[in-house]
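K.L.:
I would like to see how this sequence folds:
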Amino acid sequence: MDANGSDSDWRHGRWWHGATLYQVYVRSWRDTNGDGYGDLPGVTAGLDHLSWLGVDGIWLSPTMPSPDDDWGYDVSDYLGVHPELGTLGDLDELIAEAARRDMKVLLDLVPNHTSTAHPWFVDAVSGPDSEHRSFYVWADPAPGGGPPNNWLDNTGHPAWAFDDASGQYYLHNFLASQADLNWWEPAVHEAFREILRFWFDRGVAGFRIDVAHGLYKDAELRDNPPAAVADHLHSRFGLEPVYSANRPETHGVFRDWRKIAESYSPPRLLLGETWVADLGRMAAFHGRGDELQLTFNFPFIFADFTAAALSGAVAETLAELPAGEYPVWTASNHDISRFPSRWADGDERKARLALLVLATLPGTIVLYYGDEIAMTDVDVPPELRRDKMTATGLGGAGGRDRARTPMQWDASPSAGFTAKGVAPWLPYGDNAARNVAAQRADRGSVLWLCHDLIALRRAEFGGRTASYRELPGPPGRWTYQVEGLLVAANFTAEPSTAGDLAGPVVASSAAGALDGGALAPWSGVITRPGPAGPG
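P.N.:
I've put the predicted structure just below:
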């Protein structure tokens with residue numbers, strides 16, 4: 001263990017250093033009561049799988065009570081558990097059972113907005129003088145009528161809903177049933193301090209913070225400017241969210257929360273959904289080591305699946321992060337297409353290559369449920385889709401439901417997800433092609449590759465800030481040294497010369513990846529070149 005911490009620090013302190021986290025979309029993990037939805041007891045039932053895989057911590061999709069207009073991201077009670085998912089007792093048991101397997105549990109926290117069914121909003125809409133009116137963003141109509149400004153929500157419609165009773169609009173950057181909180185109001189800050197302490201006191205190891213970049217809004221509610229670039233990261237339907245999000249005051253919230261997180265032993269983790277286009281802006285959410293400990297890297301997620309694009313994103317990330325801060329790498333989540341579809345086009349060679357690279361990058365990695373079996377998107381028919389933002393929202397073509405379908409545990413008609421004859425909340429897809437049971441029985445499967453890569457990762461640089469150095473190589477190949485390992489990844493459809501790869505092969509993306517002095521198309525190897533290293 002290096003100067004960044006002892007083994008005790010890893011196990012009991014800053015355990016996320018070099019760790020593997022795993023996102024469980026609870027409704028799609030395992031159904032134990034036969035209602036077609038996954039639940040918290042189902043997560044507990046699946047802990048042995050995650051323990052065998054080598055996971056250090058799990059992030060649960062929203063577990064708090066909600067009307068489910070946005071499947072838990074419209075919270076109606078921050079201090080409870082959704083009754084369809086279980087009880088506080090079920091969550092306590094999950095945390096305890098995870099701890100017995102040396103795993104931590106993170107919850108999803110949504111501080112940007114609440115459901116309009118939340119008691120705060122119900123009170124706020126009762127009148128302009130109500131106690132919680134200032135908890136939300138209200139504005140008068142524009143001169144001549146209509147919304148106060150040009151802001152658009154994530155469905156492409158105006159981000160303002162009119163309240164007939166008061167004659168004012170309230171802000172919603174997502175669905176109209178998700179009213180944005182007003183972080184200029186000190187009482188909102190105090191309410192969330194209490195929320196953090198409530199869950200930390202129950203043993204929750206930290207939070208993934210939804211829309212972490214969006215809390216504060218421009219005090220003058222100025223119009224957003226036209227976007228110069230139209231993509232997943234820069235624009236919201238042609239507008240750059242300069243004033244509706246990404247405000248500098250948000251950093252003060254996380255400095256405050258970090259103090260609370262650090263007051264616990266072991267320290268609690270704050271992992272931000274920092275959906276920003278600029279890696280410098282993402283790095284700024286770390287502050288000077290006094291804000292978020294980890295931030296999601298969306299430029300990496302949306303990079304092209306090429307050696308140049310991915311290596312460039314890694315190099316820029318490491319250059320931008322403040323000294324001593326940790327990067328996060330992930331390739332899939334509940335808002336976007338799964339990487340075996342988006343990056344790999346269903347090609348298992350490419351999916352294996354992506355996992356090998358992901359597992360050997362310095363920092364923390366996050367797997368999305370099913371990544372370990374190269375689970376692909378499911379073509380959900382329009383009549384079976386459940387996401388209200390599917391048509392024009394975050395998910396793009398095909399919507400977000402395609403990446404939220406039930407976990408494929410086995411090849412049975414119920415995929416091992418629910419009881420026989422019960423209709424799942426979303427269709428399974430082809431669970432005969434990829435499932436946990438079949439891959440667990442096949443030593444050459446993607447699941448076993450993922451298991452072995454995580455074991456290697458933990459052994460080589462778990463608990464430390466691993467060194468990283470990119471090395472020269474043939475076109476289309478990404479070669480780098482991380483700690484004492486040399487990684488070579490061929491991102492082309494042609495064999496790549498491998499004469500410069502020193503040392504014995506420690507792992508490879510597939511059998512025969514290195515054959516006859518050449519690295520096979522869409523494959524990678526890990527070698528141990530020795531103390532001197534290559535070149």
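
K.L.:
His451 and His49 touch, don't they?
P.N.:
No. Using CB atoms under 8 Å, His451 is not in contact with His49, being 10.3 Å away. Just so you know, the C-beta spots here come from the backbone N, C-alpha and C atoms, and that holds for glycine as well.

K.L.:
so is Asp377 in a helix, a strand, or just coil?
P.N.:
coil (DSSP: H, G, I helix; E, B strand; the rest coil).

K.L.:
for it, what are its contacts?
P.N.:
337-338, 341-342, 398, 402-403 (CB atoms under 8 Å, 6 or more residues apart in numbering).

K.L.:
Model confidence for it, exactly?
P.N.:
Looking at Asp377, its pLDDT stands at 97.

K.L.:
Around Cys449, count how many other residues there are.
P.N.:
Just so we're on the same page, residue 449 is Leu rather than Cys. A count of neighbours around Leu449, defined by other CB atoms under 10 Å, yields 23.

K.L.:
How about Asp92?
P.N.:
14.

K.L.:
right, and it touches Trp199 too?
P.N.:
No. Using CB under 8 Å as the test, Asp92 is too far from Trp199 to be in contact (11.2 Å).

K.L.:
circling back: so which of the contacts of Asp377 is surrounded by the most neighbours?
P.N.:
Ala403 (28 neighbours).

K.L.:
Run through the residues that contact that one.
P.N.:
With CB under 8 Å, 6+ apart, Ala403 has these contacts: 332-338, 368, 377, 395.

K.L.:
And the strands in the stretch 201-350 of the chain, which stretches?
P.N.:
206-209, 269-272, 294-295, 328-330 (DSSP state E, counting those that start in this stretch).

K.L.:
Packing partners of the last one?
P.N.:
The one in question is strand 328-330. strand 364-368 (3 or more CB pairs under 8 Å, 6 or more residues apart in numbering; DSSP states H and E).

K.L.:
what's the average pLDDT for stretch 123-134?
P.N.:
97.

K.L.:
residues in contact with Thr364?
P.N.:
Contacts of Thr364 by CB under 8 Å, 6+ apart are 16-21, 294, 326-329.

K.L.:
what do you get if the cut-off is 7 Å, keeping everything else the same?
P.N.:
16, 19, 21, 294, 326, 328 (CB atoms under 7 Å, 6 or more residues apart in numbering).

K.L.:
Please report how far it lies from Val314.
P.N.:
From Thr364 across to Val314, the span is 14 Å (CB to CB, to the nearest Å).

K.L.:
Likewise for Asp304?
P.N.:
Distance from Asp304 to Val314, by CB to CB: 13 Å.

K.L.:
Okay, and the beta partners of the residue nearest to Asn333 when sequence neighbours are not counted?
P.N.:
Counting by CB to CB, 6 or more residues apart in numbering, Asn333 lies nearest to Tyr368, which is 5.4 Å off, once chain neighbours are set aside. Tyr368 has these beta-bridge partners by DSSP bridges: Gln23.

K.L.:
Number of residues surrounding Tyr368?
P.N.:
Using other CB under 10 Å, Tyr368 has 22 other residues around it.

K.L.:
do His232 as well
P.N.:
Using other CB under 10 Å: His232 sits among 15 other residues.
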